[in-house]
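**Student:** structure here, sequence nowhere to be found:
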């Protein structure tokens with residue numbers, strides 16, 4: 001029996017129930033598969049930084065956050081929601097009885113997670129500058145409750161809005177609050193976000209995998225931020241109970257398949273960016289479509305101020321049709337797999 005099966009207490013019979021793709025790494029190289037996944041994620045994030053010679057770049061690859069980023073900063077989980085749960089749980093261990101600010105309307109399970117784990121959330125669902133003004137006043141008022149963390153998606157799902165990350169970062173710094181950025185909707189690879197985040201959350205089920213047959217998620221910790229350094233310590237050394245806060249609960253077959261799929265991520269993303277933009281331009285000009293939500297149209301240029309050189313607007317868009325009947329017809333006539341999540 002391969003050592004990996006013994007390590008995970010898997011019987012040979014269970015291991016042969018599903019045939020893995022032929023070009024996956026062998027079963028005894030699961031740890032290598034995980035390391036390769038982490039290396040590719042680090043490489044993708046490094047590529048969002050500007051060249052050292054580019055005087056116009058806000059952050060170059062010589063920035064401390066880029067130099068400190070390596071595979072040790074990446075923590076793999078069975079799914080993106082699992083990653084969000086664990087970082088929120090660890091923050092709650094550090095600072096109890098505090099709520100998380102959810103800025104912008106997120107994926108519904110993310111908001112549910114924030115509300116049900118710990119002390120709940122303060123929901124600023126429009127993700128507007130007016131709500132940032134409200135947050136700034138709340139944080140400056142000593143009579144208001146202290147905040148556990150600020151959470152946002154970049155861009156948001158399903159409205160594809162772009163939060164003002166620079167202003168959120170400034171508020172987080174001013175009031176010593178960690179900033180958590182969920183960049184699953186292509187933001188982690190198309191935009192330069194990592195320097196602003198204490199922790200970046202990415203679902204690997206979606207674009208990174210690209211085949212809809214495997215799940216995964218990760219936390220990428222920015223150890224050059226004070227709260228990022230605390231979280232890295234909590235994950236690796238003491239999560240609040242004297243033991244490391246991180247436990248690898250990923251399934252070994254998932255990691256082998258995810259490693260196989262993500263080999264082509266960079267090439268696939270470039271094609272998907274072009275295809276999605278072409279489709280959205282067509283739909284937006286179509287007389288039977290009432291509205292298209294896509295970062296190219298929903299951010300008034302804000303998304304472009306974070307977009308890396310050569311980056312795109314991602315794979316996800318939402319559209320509104322003029323009547324419920326039109327929406328039903330469109331859905332029924334669309335010849336593709338349909339589900340409740342773009343994962």
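**Tutor:** Great, that's in hand. Quick caveat, the model's predicted, so the values are computed rather than measured.

**Student:** okay, now the unreliable bits of the stretch 51-200 of the chain?
**Tutor:** Applying pLDDT under 70 to the stretch 51-200 of the chain picks out residues 93-96.

**Student:** go with 50
**Tutor:** Residues of the stretch 51-200 of the chain that meet the criterion pLDDT under 50 are absent altogether.

**Student:** list the buried residues for the helix ranked longest in the chain?
**Tutor:** Secondary structure of the chain read by DSSP state H shows that its longest helix is helix 265-284. Across helix 265-284, burial judged by 16 or more other Cβ atoms under 10 Å covers 265, 268, 269, 272, 273, 276, 277, 280, 283. The way it works is simple: take the backbone N, C-alpha and C, and place the C-beta from them, glycine included.

**Student:** on the three-state scheme, the residue nearest to the second one when sequence neighbours are not counted is what?
**Tutor:** What it means is residue 268. Distances taken as Cβ to Cβ, 6 or more residues apart in numbering put residue 210 closest to residue 268, at 5.4 Å, once the chain neighbours are dropped. Reduced to three states with DSSP: H, G, I helix; E, B strand; the rest coil, the structure at residue 210 is coil.

**Student:** residues contacting residue 210?
**Tutor:** Under the criterion of Cβ atoms under 8 Å, 6 or more residues apart in numbering, the contact list for residue 210 reads 261, 262, 264, 265, 268.

**Student:** same check, this time on residue 169
**Tutor:** 179, 196.

**Student:** could you name the helices and strands sitting against the helix or strand just after the longest helix of the chain?
**Tutor:** Where DSSP states H and E defines the elements, the next helix or strand beyond helix 265-284 is strand 291-293. Applying 3 or more Cβ pairs under 8 Å, 6 or more residues apart in numbering; DSSP states H and E, one finds that strand 291-293 contacts helix 265-284, strand 318-320.

**Student:** strand 291-293: which residues count as buried?
**Tutor:** For strand 291-293, by 16+ other Cβ under 10 Å, it's 292, 293.

**Student:** got it, and stretch 155-172?
**Tutor:** 155-165, 168-169, 171-172.

**Student:** buried sites along stretch 47-63?
**Tutor:** Within stretch 47-63, the residues scored as buried using 16+ other Cβ under 10 Å are 48, 49, 50, 57, 59, 61, 63.

**Student:** who's in contact with the nearest residue in space to the third one that is not next to it in sequence?
**Tutor:** Using Cβ to Cβ, 6+ apart and skipping the chain neighbours, the partner closest in space to residue 50 is residue 57 (2.5 Å). If a contact means Cβ under 8 Å, 6+ apart, then residue 57 has 49, 50, 51 as its contacts.

**Student:** pLDDT score assigned to the first one?
**Tutor:** This means residue 49. Note on residue 49: pLDDT of 95.

**Student:** just give the nearest non-adjacent residue to it, would you?
**Tutor:** In space, and not counting its chain neighbours, residue 49 is closest to residue 61: 4.5 Å by Cβ to Cβ, 6+ apart.

**Student:** shouldn't the one you found be in contact with residue 46?
**Tutor:** Yes. The pair residue 61 / residue 46 is scored as a contact, 6.3 Å apart, by Cβ atoms under 8 Å.

**Student:** quick revisit: quickly name whichever of the buried residues of stretch 155-172 is closest to residue 304.
**Tutor:** residue 162 (9.0 Å; Cβ to Cβ).

**Student:** thanks a lot, catch you later.
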